[in-house]
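Colleague: need coordinates for the below:
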Amino acid sequence: IYIIDDYSPLRDVTKELLDKPANIFPVKDALLYIPKSSRSDAQGTSLFKAANPEFGATFTYFIKEVPKTARSERRVKEKSLLKENKPIPQPTLEMLNLEKLEKDPYIIFTIKDASGMVIRKITKQASSGINRVNWDLRFEGTNPIVTDKFEPSRSNSERRSSNSGFMVLPGKYSVTLSLVSKNEEKYLYGPVEFNVMPLNNATLPATNREELVSFQKKAAELSRTASGAQRLAEELSKKYESIKQALSNTPAAPFALLVKATETSNELDKILIAFRGYDSKAPSAEENPPTHVTINSRINTMVYTSYRSTTNITKNERVAYETIYDEIQPVLQQLKKIDEEELKAIETELEKLGAPWTPGRIPELKK
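Modeller: Numbers count the residues shown, from 1 in each chain. Here you go, the predicted structure:
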């Protein structure tokens with residue numbers, strides 16, 4: 001028994017369609033609203049609930065065939081040779097390494113608004129047959145991305161939970177499908193148009209939705225800048241700890257250079273305090289002595305309030321935006337000076353002194 005909430009795409013399946021390389025079936029109108037949390041507290045063992053259909057726009061698509069990776073192609077050849085009782089050539093280490101570096105084929109859904117602007121890209125591992133993927137009707141998020149391994153084919157659910165931004169405007173959108181294999185992107189199908197429609201069940205709907213989304217875009221850009229600046233300050237702070245240690249371990253290094261590095265390190269510490277405040281062992285913020293409101297605290301107020309809201313922008317959100325915008329300007333200038341001038345200058349001195357390598361520095365070989 002198969003229970004499917006929407007089997008309408010199956011009505012369009014024909015032999016001619018299945019002979020095509022790919023297809024995106026007609027997309028139902030997507031309802032725009034704030035989904036309720038699925039959390040249920042203290043309901044006992046008698047509680048039963050089934051999962052709702054996924055929120056957002058559902059793309060049902062068909063791919064006839066997925067290209068093989070170099071590793072898969074090699075294994076197919078080896079099986080054929082084995083059946084024919086022929087010798088199997090041993091792959092070189094270079095070939096095996098190239099196979100290791102190659103990413104599995106993956107597909108990209110490119111979503112555009114009515115003006116043709118790209119709103120979101122959703123990636124998923126490529127698989128043949130009829131499949132589905134969902135878009136949560138949100139812009140791409142602006143959180144910093146730090147990873148040890150590039151994984152383009154992460155599932156949409158992982159992408160949504162980790163890096164989704166504010167909700168888009170109601171209106172007409174389109175989606176296209178492409179496939180990436182062996183580091184080349186190939187267009188497969190589209191564009192297919194669909195509508196994003198508000199559910200109109202809000203108690204206090206925004207009087208001007210365009211103004212709401214416009215502010216949210218500004219807030220997202222400010223949040224992107226601030227979170228990126230904090231990460232840069234943290235990276236620079238770590239670099240300067242290594243630099244101070246390298247200067248201390250270099251016999252020829254003058255003490256004045258260590259003093260200079262320490263002063264810059266202290267400046268970075270002040271910048272980080274401006275972002276996240278002082279370290280405290282108090283169980284809650286209310287138990288700390290009065291102090292200046294941090295940049296992160298204002299950003300959280302501005303972003304969190306709007307993330308699950310379809311009402312007008314509040315006064316506190318506007319005040320938070322203006323305050324952060326003004327406070328972050330000198331911080332950005334100071335970070336730019338440290339990163340582009342002071343860091344390069346002290347790294348040049350470290351190379352002249354023959355100091356041990358420190359992160360981010362290109363070593364120079366001397367004869």
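
Colleague: from Tyr187, how far out is the nearest residue to Leu31 once chain neighbours are set aside?
Modeller: Nearest in space to Leu31, with sequence neighbours left out and distances taken as Cβ to Cβ, 6 or more residues apart in numbering, is Leu199 at 4.9 Å. (C-beta placed from N, C-alpha, C; glycine too.) Noted for Leu199: a distance of 33 Å to Tyr187, by Cβ to Cβ, to the nearest Å.

Colleague: now Glu327
Modeller: Distance from Glu327 to Tyr187, by Cβ to Cβ: 45 Å.

Colleague: could you do Gly171 as well?
Modeller: Distance from Gly171 to Tyr187, by Cβ to Cβ: 24 Å.

Colleague: ranking helices and strands of this structure by mean pLDDT, which lands last?
Modeller: When each helix and strand of the chain is scored by mean pLDDT, DSSP states H and E, helix 156-162 comes last, with a mean of 47.

Colleague: what about Met197, neighbour count?
Modeller: Using other Cβ atoms under 10 Å, Met197 has 13 neighbouring residues.

Colleague: confirm that it sits in a strand.
Modeller: Yes - under DSSP: H, G, I helix; E, B strand; the rest coil, Met197 sits within a strand.

Colleague: identify the residues contacting the residue nearest to it when sequence neighbours are not counted.
Modeller: Closest residue in space to Met197, ignoring its immediate chain neighbours: Asp29 at 5.2 Å, by Cβ to Cβ, 6+ apart. When contacts are counted by Cβ atoms under 8 Å, 6 or more residues apart in numbering, Asp29 is found next to 194-197.

Colleague: residue ranges with poor pLDDT in this protein?
Modeller: 38-43, 154-163, 285 (pLDDT under 70).

Colleague: where is the longest helix in it?
Modeller: Looking across the chain with DSSP state H, the single longest helix is helix 209-248.

Colleague: so which elements touch that helix?
Modeller: Applying 3 or more Cβ pairs under 8 Å, 6 or more residues apart in numbering; DSSP states H and E, we find helix 209-248 packed against strand 164-167, helix 255-276, helix 295-307, helix 315-337, helix 343-353.

Colleague: that older thread, ok, so of the contacts of Asp29, who is nearest Gly141?
Modeller: Within the contacts of Asp29, the smallest distance to Gly141 is 18.2 Å, found for Val196 (Cβ to Cβ).

Colleague: what's opposite that closest one in the beta bridge?
Modeller: Going by DSSP bridges, Val196 is paired in beta bridges with Ala30, Gly171.

Colleague: and Ile63, by the same measure?
Modeller: With beta bridges defined as DSSP bridges, Ile63 has these partners: Ala22, Gly129.

Colleague: that one: what's it in contact with?
Modeller: Counting by Cβ under 8 Å, 6+ apart, Ile63 has contacts 21-22, 107, 126-129, 131, 179, 188.

Colleague: and it, how far from Asp6?
Modeller: From Ile63 to Asp6 the distance is 19 Å (Cβ to Cβ).

Colleague: one step back: make TSV from the contacts of Asp29 and add distance to Asn266 to it.
Modeller: Formatted as TSV, the contacts of Asp29 follow (distance: Cβ to Cβ, whole Å):
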residue	distance to Asn266
Phe194	55
Asn195	56
Val196	50
Met197	55
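
Colleague: quick check, nearest of the residues you listed to Thr291?
Modeller: For these, the minimum distance to Thr291 (Cβ to Cβ) is 43.2 Å, reached by Val196.
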